[in-house]
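In: Generate a structure from the sequence data that follows.
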Amino acid sequence: MESALHVSTTVLRGNKIEIETPGLKEGEPVDVFVFLAESGQSPRSSALEIIESLHGHRLFSTVEEVDRYLRQEREAWDR
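Out: Take a look at the predicted model:
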């Protein structure tokens, strides 16, 4: 007997999944893994990926530039 079986199904009302496996015996223990099918939608990007994609729109390029800007702002407050 095969050690793996691939079955495609659809989630039913009430978030239930039903599969039929004619090759298995009633009462036989099995492990079930559920993988979400590819939806065809574009993959979601993380916040970091979105920020990194905006290279041309960043105000600062380095941490040093941020520190320099903040220092200048703080000094302006003291005047």
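In: Could you tell me the end-to-end distance of stretch 8-17?
Out: The first and final residues of stretch 8-17 sit 10 Å from each other (CA to CA, to the nearest Å).
In: go on, stretch 45-64?
Out: End-to-end distance for stretch 45-64: 28 Å, by CA to CA.
In: Helix or strand with the lowest mean pLDDT in this structure?
Out: helix 47-52 (a mean of 80; mean pLDDT, DSSP states H and E).
In: Which strands or helices does that one pack on?
Out: The contact analysis (3 or more CB pairs under 8 Å, 6 or more residues apart in numbering; DSSP states H and E) places helix 47-52 against no helix or strand. Where you see a C-beta, it was placed from the backbone N, CA and C, and this is true even at glycine.
In: May I see the buried residues of it?
Out: Neighbour-count burial for helix 47-52 flags no residue at all (criterion: 16 or more other CB atoms under 10 Å).
In: Just the CA atoms of that helix, as CSV, please.
Out: Extracted C-alpha coordinates of helix 47-52, given in CSV (Å, rounded to 0.1, in the frame of the first residue of the first chain):
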residue,chain,number,x,y,z
ALA,A,47,6.1,45.7,6.0
LEU,A,48,9.9,45.4,5.8
GLU,A,49,9.7,44.3,2.1
ILE,A,50,7.5,47.2,1.3
ILE,A,51,9.9,49.7,3.0
GLU,A,52,12.9,48.2,1.2
